[in-house]
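Participant: what follows is a predicted structure for the sequence shown.
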Amino acid sequence: MDPCPFVRVTVGNLALKIPVASKPARTVVHPSSSPCFCKVKLNNLPVQTAVVPCLPPETQTLDANSHGVIAATFHLSKSDLDRVASKSIFAAKLCLKISIYTGRRGTTCGVNSGRLLGRVSVPLDLAGTESKPSVFHNGWVSVGKGAGKGSGAQITQFHLNVKAEPDPRFVFQFDGEPECSPQVFQIRGNIRQPVFTCKFSFRNTGDRTQRCRSLQSDQSSSRSWLSSFGSDRERPGRERKGWSITVHDLSGSPVAAASMVTPFVPSPGSDRVSRSNPGSWLILRPGDGTWQPWGRLEAWRERGGADGLGYRFELIPDTNGGMSAGGIVLAESTLSLNKGGKFVLDLGSNSGSGNRSGAPVVPNSPACSPKSSGDFGYGLWPYCLYRGFVMSARVEGEGRCSKPTVEVSVQHVSCTEDAAAYVALAAAVDLCMDACRLFSQRLRKELCQPSDLLG
């Protein structure tokens, strides 16, 4: 089945040249002493903010630190593109608007701290960008009061690169809540095709081997390696532990799993899971006759005006048989516990998710596809890099019926097991919403072990 068309609009290579007046004036901005930033807006999508580096006025080309840096990223689905392309007079034409400021970001007493230098608008015609990239602007543009004057005027110049490129994705949707062992459908337009089934269960905390039922059992290697990723704070009483969800393909073979390896327990004297004592999941893939760790998800309950679900996801490197608890952090952010939100792995955006260094991360998948199921056929794994948009999962908030929707970039899927791993990760994120509920609140019966229900 073909992936869904998406378009990725990026704004990058930002730089600013501010002239230094021959006669100092109170209105002159000196870039050496005042930081600059910009706000980027694309129609009704959330505004993104980015730092703008200042260059000497005589500079003609960007330095290596500015070239290739993405400042803002916007993702448009097929429905977004169709809405923009409609001929209706009520359809807003797509236009990228950038407001450039000097001063520090943020607000003081409800008033923006920065001083507006100028604005730039770039009209976007996205026709055809589903299949081929398009550059809408790349170079310098004059901004501010002197922008309309002759070349002899002292004007501020702003450099930017705006482009759109295809970003096709596989879209999956759970047919029910993960704890109810639902089917998972692949979605394309109005077509829904079943591709996976999920099985929620309680892992026996005394059996840490977590062997795949269709893989060969090897008692000599049944070391409890899962414990190296969890902790020993499994104690009776107020804790949520042992949750597990296994993803099967349509033949019934397990292709991915998520297992809670560190229980979710309240901090001493409270009824919440704290950041200093988070619960954690392992995302597992089959390989070499057993489950192999691929990623680790930690979650906790953030305090604030409205509580949030704090999370951190890291990729576990392949250690060629050795066990290592070290990992590469790909995302660390917060979701609203009230409204829910979107868990995102995007290593090329300025949205707060992804690695903070902005550098591409080399994937370390534990093994090649054990069934050689390259039936999706679009990825370059294991030779590709984790870069750009990787995946997203939309989940609902506490007390809401959540049927997660998962989007996975085509370039990161080369076999069924690749897609299933992201589906398992999405299920774990959704279940964290329940695992991080206040311990003064009861969970639904599907999430309670029989012993808890009897108590």
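Facilitator: Noted; the coordinates are in hand.
Participant: below-threshold pLDDT in the protein: ranges please.
Facilitator: 1, 21-34, 63-66, 86-92, 105-113, 146-153, 204-237, 319-326, 349-386, 450-455 (pLDDT under 70).
Participant: do a quick rundown of the helices in it.
Facilitator: Ranges of helices in the chain, per DSSP state H, are 78-85, 416-435, 450-454.
Participant: contacts for the first one next, please.
Facilitator: By Cβ atoms under 8 Å, 6 or more residues apart in numbering, the surrounding residues in contact with helix 78-85 are 4-7, 76, 91-94, 126-127, 130, 189. Every residue, glycine included, has its C-beta placed from N, CA and C.
Participant: stretch 265-278: how far from the chain's middle?
Facilitator: Offset of stretch 265-278 from its chain centre (Cα atoms, centre = their mean, to the nearest Å): 25 Å.
Participant: so of the contacts of helix 78-85, which ones are in strands?
Facilitator: Among the contacts of helix 78-85, the members found in strands (DSSP state E) are 6-7, 76.
Participant: is it possible to get a markdown table of the contacts of helix 78-85 that adds neighbour count and distance to Arg444?
Facilitator: Formatted as a markdown table, the contacts of helix 78-85 follow (neighbours: other Cβ atoms under 10 Å; distance: Cβ to Cβ, whole Å):
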| residue | neighbour count | distance to Arg444 |
| --- | --- | --- |
| Cys4 | 18 | 32 |
| Pro5 | 18 | 37 |
| Phe6 | 22 | 34 |
| Val7 | 25 | 39 |
| Leu76 | 24 | 36 |
| Ala91 | 12 | 42 |
| Ala92 | 10 | 42 |
| Lys93 | 9 | 46 |
| Leu94 | 21 | 43 |
| Leu126 | 17 | 43 |
| Ala127 | 10 | 47 |
| Glu130 | 17 | 41 |
| Gly189 | 11 | 33 |
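Participant: among the residues you listed, which two are most distant?
Facilitator: Greatest spatial distance among the contacts of helix 78-85 (Cβ to Cβ): Lys93 and Gly189, at 24.5 Å.
Participant: just name the closest of the ones in strands among the contacts of helix 78-85 to Leu250, please.
Facilitator: Out of those, the member with the shortest distance to Leu250 (by Cβ to Cβ) is Phe6, at 25.7 Å.
Participant: would you mind naming the residues that bridge with the closest one?
Facilitator: Judged by DSSP bridges, the bridge partners of Phe6 are Ser77.
Participant: just Ser134 next, same as before
Facilitator: Ala164.
Participant: ok, now which ones touch it?
Facilitator: Shown in contact with Ser134 (Cβ under 8 Å, 6+ apart): 125-126, 128, 163-165.
Participant: pull out the buried members of those residues.
Facilitator: By neighbour count, with 16 or more other Cβ atoms under 10 Å, the contacts of Ser134 hold 126, 163-165 as buried.
Participant: which of those lies closest to Leu62?
Facilitator: Relative to Leu62, the closest of these is Lys163; by Cβ to Cβ it sits at 15.4 Å.
Participant: gap between that closest one and Leu126?
Facilitator: Lys163 is 11 Å from Leu126, where distance means Cβ to Cβ, to the nearest Å.
Participant: which neighbours do these two share?
Facilitator: Going by Cβ under 8 Å, 6+ apart, residues that sit against Lys163 and also against Leu126 are 9, 134.
Participant: may I see the buried residues of stretch 176-184?
Facilitator: 177-179, 182, 184.
Participant: now the end-to-end length of that stretch.
Facilitator: This stretch, stretch 176-184, spans 8 Å end to end (Cα to Cα, to the nearest Å).
Participant: again, but for stretch 238-248
Facilitator: OK, stretch 238-248 end separation, Cα to Cα: 31 Å.
Participant: let's have the chain start at 275 instead
Facilitator: Sure, I'll start numbering at 275, so the last one becomes stretch 512-522.
Participant: residues in contact with it?
Facilitator: Against stretch 512-522 from outside (Cβ under 8 Å, 6+ apart): 452-453, 458, 470-479, 484, 508, 528-534, 537-540, 553, 694, 697-698, 701-702, 705, 708-709, 713, 717, 721, 723.
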